[in-house]
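[1] no sequence on this one, just coordinates:
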């Protein structure tokens with residue numbers, strides 16, 4: 001049955017190889033189960049509900065990838081997009097998390113339409129490669145910055161806006177110790193990755209958490225709820241109580257739609273769509289290249305099914321109660337282990353579903369233990385900077401503005417807007433517009449973003 005459905009022999013693989021590849025992919029992605037609830041809880045969402053929604057969305061998206069495209073790619077709520085959801089849309093713009101979920105839901109619907117047509121390719125081709133790379137780099141810096149703040153390594157300062165954590169004083173055994181453990185966690189994770197340990201990010205989280213438990217037991221770490229530092233010792237291991245999902249399930253349709261500012265909302269939705277679209281396409285092509293799945297023209301067969309799975313998972317995930325669900329680059333770990341079909345993806349999806357019963361463990365993991373994962377993921381995303389042509393100032397300057405705006409403005413969408421405006425205007429004014437064939441879409445986006453700054 002598995003042979004016929006997933007075409008194992010045709011893809012030169014077997015059940016054992018596919019299952020082991022699926023387990024490997026899960027190990028490299030499982031950190032999202034600890035990180036996503038921590039990030040989205042900043043938007044006021046229930047952590048238990050977000051964990052359940054994350055598991056369910058990951059299972060649905062990954063299973064759809066297996067069934068619709070027969071590819072070994074796994075999906076989960078995307079890093080960067082969850083930060084944009086919580087810190088920009090909710091905390092920055094003042095929207096409720098229900099409105100943010102509605103934006104994600106609509107983005108998924110639009111993505112479904114684009115996946116069924118050729119419009120997706122037109123949009124992809126219209127945006128210059130420089131800005132695609134810059135967005136990835138900027139998000140990486142933004143995520144790393146959030147990790148440093150979540151661990152309280154970087155804190156507010158009256159004199160300089162931000163400063164480094166002091167490791168002395170009355171808060172050393174709570175805030176200071178948490179920051180110190182996070183720094184140790186970054187070192188541990190880096191060592192694991194240098195040694196090419198599969199699941200290095202997840203093991204880094206676990207190692208930092210275990211160190212935190214030890215420190216609490218011997219009195220080095222003292223919980224201080226008033227400072228946001230809680231006990232790291234789990235009170236339970238497994239739970240079959242999934243009622244918390246009621247806190248978020250279907251709430252996307254109960255938002256206060258009267259509070260929506262149309263142009264502002266369009267920008268939010270576009271930012272979700274923009275990042276999701278290019279992140280997904282980049283991941284699919286990159287991982288497929290590693291697995292030698294591209295055809296002679298460099299195209300990915302059955303990409304429409306893969307994009308459709310990603311799009312449907314986004315809308316379904318919003319209904320469950322999580323930010324944009326997208327294809328994960330960590331799928332490359334399973335491909336490296338020999339995964340070539342949807343059986344690898346299905347194995348990963350089932351493990352995400354199984355992880356639901358271990359929710360008490362994931363919810364006890366502190367932010368200082370997940371912060372190293374955010375910092376390291378930020379490092380991975382920085383790699384796209386090498387694709388920016390710094391010899392062409394008309395390309396490099398807008399890319400730089402896009403990158404630097406994201407962490408400093410604390411907003412992915414601001415970075416995208418500034419990047420699009422500066423790229424279009426700079427190339428147009430300097431006479432490079434004809435050579436670079438600026439698309440109509442880029443002119444439209446530039447006008448819309450300028451109007452946003454004038455009227456919002």
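    Thanks, I have the structure now. Note that the coordinates shown come from a computational prediction; the quantities given were computed from them, not determined experimentally. Numbering: from 1, shown residues only.

[2] how about low-confidence regions in the stretch 1-150 of the chain?
    Scanning the stretch 1-150 of the chain for pLDDT under 70 picks out 120-125.

[3] Now do the helices for it: every range, in order, please.
    Ranges of helices within the stretch 1-150 of the chain are 2-6, 15-29, 32-40, 47-68, 81-83, 97-116, 119-126, 129-150, based on DSSP state H, counting those that start in this stretch.

[4] Turn those helices into JSON lines, including mean neighbour count and distance to residue 178.
    For every residue, glycine as well, the C-beta is placed using N, CA and C. JSON lines is the format used below for the helices of the stretch 1-150 of the chain (neighbours: other Cβ atoms under 10 Å; distance: least, Cβ to Cβ, whole Å):
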{"stretch": "helix 2-6", "mean neighbour count": "15", "distance to residue 178": "45"}
{"stretch": "helix 15-29", "mean neighbour count": "22", "distance to residue 178": "25"}
{"stretch": "helix 32-40", "mean neighbour count": "27", "distance to residue 178": "13"}
{"stretch": "helix 47-68", "mean neighbour count": "26", "distance to residue 178": "17"}
{"stretch": "helix 81-83", "mean neighbour count": "26", "distance to residue 178": "20"}
{"stretch": "helix 97-116", "mean neighbour count": "22", "distance to residue 178": "25"}
{"stretch": "helix 119-126", "mean neighbour count": "14", "distance to residue 178": "42"}
{"stretch": "helix 129-150", "mean neighbour count": "24", "distance to residue 178": "10"}
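
[5] now those in a markdown table, with distance to residue 215?
    Output for those, formatted as a markdown table (distance: least, Cβ to Cβ, whole Å):
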| stretch | distance to residue 215 |
| --- | --- |
| helix 2-6 | 46 |
| helix 15-29 | 26 |
| helix 32-40 | 18 |
| helix 47-68 | 22 |
| helix 81-83 | 27 |
| helix 97-116 | 33 |
| helix 119-126 | 48 |
| helix 129-150 | 18 |
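
[6] Out of those, the one nearest residue 402 is which?
    With Cβ to Cβ as the measure, helix 129-150 is the member of those nearest residue 402 (4.1 Å).

[7] Taking helix 32-40 as reference, get the angle to that closest one.
    Going by axes from the mean of the first three to the mean of the last three Cα atoms, to 10 degrees, helix 129-150 is angled at 80 degrees with respect to helix 32-40.

[8] Quick check: residue 236 touching residue 362?
    No: shown here, residue 236 and residue 362 do not form a contact pair, counting by Cβ atoms under 8 Å, at 11.4 Å.

[9] between those two, who's got more neighbours?
    When residue 236 and residue 362 are compared on other Cβ atoms under 10 Å, the one with more neighbours turns out to be residue 362, at 26 against 12.

[10] give the contact list for residue 134.
    When contacts are counted by Cβ atoms under 8 Å, 6 or more residues apart in numbering, residue 134 is found next to 384, 388, 398, 399, 400, 402, 403, 415, 419.

[11] how about the residues you listed, which pair is most distant?
    Counting by Cβ to Cβ, the most remote pair of those is 384 and 398, 14.8 Å apart.

[12] okay, these two: which has more neighbours?
    Set side by side, residue 384 and residue 398 show unequal neighbour counts under other Cβ under 10 Å, the larger going to residue 398 at 25 against 20.

[13] How about the contacts made by the closest residue to residue 263 other than its chain neighbours?
    Using Cβ to Cβ, 6 or more residues apart in numbering and skipping the chain neighbours, the partner closest in space to residue 263 is residue 452 (6.0 Å). For residue 452, the contacting residues are 263, 264, 267, 417, by Cβ under 8 Å, 6+ apart.

[14] tally of neighbours for residue 264?
    Count around residue 264 with other Cβ under 10 Å applied: 16.

[15] same check, this time on the one 3 residues further on
    Counted with other Cβ under 10 Å, residues neighbouring residue 267 total 23.

[16] Just after the strand or helix carrying it, pick out the following helix or strand.
    For residue 267, the enclosing helix or strand under DSSP states H and E is helix 262-290. Sequence-wise, the next helix or strand beyond helix 262-290 is helix 303-320, with elements assigned using DSSP H and E.

[17] Run through the neighbouring helices and strands of that following helix.
    For helix 303-320, the packing partners by 3 or more Cβ pairs under 8 Å, 6 or more residues apart in numbering; DSSP states H and E come out as helix 47-68, strand 75-77, helix 97-116, helix 262-290, strand 325-327.

[18] The ones you listed into a markdown table, with extra columns for distance to residue 30?
    Compiled in a markdown table, the helices and strands packed on helix 303-320 are given as follows (distance: least, Cβ to Cβ, whole Å):
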| stretch | distance to residue 30 |
| --- | --- |
| helix 47-68 | 10 |
| strand 75-77 | 9 |
| helix 97-116 | 22 |
| helix 262-290 | 18 |
| strand 325-327 | 15 |
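
[19] rewinding a little: ok, which of the helices of the stretch 1-150 of the chain comes nearest residue 336?
    With Cβ to Cβ as the measure, helix 15-29 is the member of the helices of the stretch 1-150 of the chain nearest residue 336 (7.8 Å).
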